[in-house]
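Asker: after the sequence you'll find the predicted model.
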Amino acid sequence: MPEVIRRSERKMTAGLKEQDIYDLIIIGAGPAGMSAGIYAARKLLKTLLISKNVGGQVTDAWEIDNYLGFSQVDPAGLIKKFNEHVEKFSIEKIIARHVASLQINDDIKSVTTDDGKTYYAKTLIIATGKRPRKLGLPEEKKLGGKGVAYCATCDAPLFAGADVAVAGGGNSALGAAMDLIKIANSVHIVSITPLTGDPIYQDKLRSSDKVTIYTEHEIVKLVGDTVLEGLEIRSLKTGETKRLDVEGLFVEIGLLPNSDIVKGMLNLNQYGEIVVDYKCHTGFPGVFACGDVTNVPFKQVIVAAGEGAKAALAAYEYLISGN
Amino acid sequence: MGERVKIYGSDTCTNCSMAKSYFEERGIEYDFVDVTKNKEALSEMREVSGGARSIPVIVACGKVIIGFDQAMLGEELECLK
């Protein structure tokens, strides 16, 4: 294993001792962050992994059948294997903590968690993934989990015999609707655009007696005091409104990158993704990013894991060479 | 420690498996019921949670937590520490 040579000229933050400083802090413990952790540990980097949870978006998956070496694996099982692999190496972990703020300007970066503790490192890897986009309606938070759902794979089975709606017109939305027509009494699809999901989904849904499709409509109100009782939708063409009496709404309108903590610091694209080059460089010295939070296309578990490996190796390269 | 932990979930829900692992790793015993196979349990879950239709629902320390959020569990379930 090669020895890590640290940059001697690195500017130290006042009062900090060398032993208080990690070589690398990884933020996020999805496939990208955990893979980065393994590669960092194999390079003997003193590494800290901070994350609010373990597994990232894999926890919302139903089944994974395209990860090399696993023709079919349940997501919880895959996360467990990832975690067991990470545990074999000496990586410090802080799980169940949110990162409240970052400071990346100096040679020594700092990460402050929501309990007020601050950790220091020479390099950072941002691997914070994505989260479901919300409708942004005032009643949404109150009715979340009480009829308003963001994970059809998890919650669709709880709506057997119910009248439900799906927000969105892409593959995720149509996939959710496909799951729901097997068990629900009726399924309303509400999309602000024409349907964009795969034609095979569209054909199957259009031919189902249970399905009503409202394209170029927006959801303007969620109805219900304690549980969801209905929606109000509005036509974008005519302005006409209509009430749908539904017990469930599955919001499948895309994902948002968890890049808020680096907003104003790093270069983000129009979607809010961190822009990185082919070595996961963010353009900011010593700061790398990987996985679904970046502009790297094809959001897949195996791609995220590969990008995590690259980010850790790039951080190692930076530490030994300063580039 | 208060009453025994109860998890309402399903066998195919990843976050439910994560919730079970969370308690197993801490040596905390729990009761698990699959609400997709047991209508009475689903009704019970909705009653104790004020109408939740999302899993897992975790009942412990006199509190009801909808969804698996490790940070929230750590903060809310003081009686299990």
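Answerer: Cool, the structure landed. Numbers count the residues shown, from 1 in each chain, chains lettered A, B, ... in the order given.
Asker: can you pull the residues of chain A lying near chain B?
Answerer: A:52-55, A:58-62, A:74-77, A:79-80, A:95-98, A:144-147, A:149, A:151, A:153-155, A:157-159, A:226-227, A:247-248 (Cβ under 8 Å from any Cβ of the partner chain). Using the backbone N, CA and C atoms, a C-beta is placed for each residue, glycine as well.
Asker: can I get the buried part of those as one ChimeraX selection?
Answerer: Selecting the buried subset of the residues of chain A next to chain B in ChimeraX, with 16 or more other Cβ atoms under 10 Å in any protein chain shown as the burial test, is done by:
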select /A:52,53,54,55,58,59,60,61,62,74,75,76,79,80,96,97,144,145,146,147,149,151,153,154,155,157,158,159,227,247,248
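Asker: so which of the residues of chain A next to chain B sit within strands?
Answerer: A:Ile95, A:Ala149, A:Gly248 (DSSP state E).
Asker: contacting residues around the second one?
Answerer: Counting by Cβ atoms under 8 Å, 6 or more residues apart in numbering or on different chains, A:Ala149 touches A:Asp155, A:Ala156, A:Gly248, A:Leu249, A:Phe250, A:Val251, B:Arg53, B:Ser54.
Asker: and if we set it to 6 Å?
Answerer: By Cβ atoms under 6 Å, 6 or more residues apart in numbering or on different chains, the residues touching A:Ala149 are A:Asp155, A:Phe250, B:Ser54.
Asker: give the bridge partners for it, please.
Answerer: A:Phe250 (DSSP bridges).
Asker: please tell me the pLDDT value assigned to it.
Answerer: Model confidence at A:Ala149, given as pLDDT, is 94.
Asker: repeat for A:Cys280
Answerer: Predicted confidence (pLDDT) for A:Cys280: 98.
Asker: could you pull out the helices for chain A?
Answerer: A:31-42, A:75-87, A:140-143, A:152-155, A:171-181, A:199-206, A:301-321 (DSSP state H).
Asker: residues making contact with the last one?
Answerer: Right, the one you point to is helix A:301-321. A:5, A:23-24, A:31-32, A:35-36, A:39-40, A:43, A:67, A:123, A:125, A:279-280, A:286, A:288, A:290-291, A:296.
Asker: report the angle between that helix and helix A:31-42.
Answerer: Angle between the axes of helix A:301-321 and helix A:31-42 is 40 degrees (criterion: axes from the mean of the first three to the mean of the last three Cα atoms, to 10 degrees).
Asker: for chain B, which residues are neighbours of chain A?
Answerer: B:13-15, B:17-18, B:36, B:50-54, B:66, B:70-71, B:74 (Cβ under 6 Å from any Cβ of the partner chain).
Asker: which pair in these spans the largest distance?
Answerer: Distance extremes for the residues of chain B next to chain A: the farthest pair is B:Thr36 and B:Gly74 at 27.5 Å, using Cβ to Cβ.
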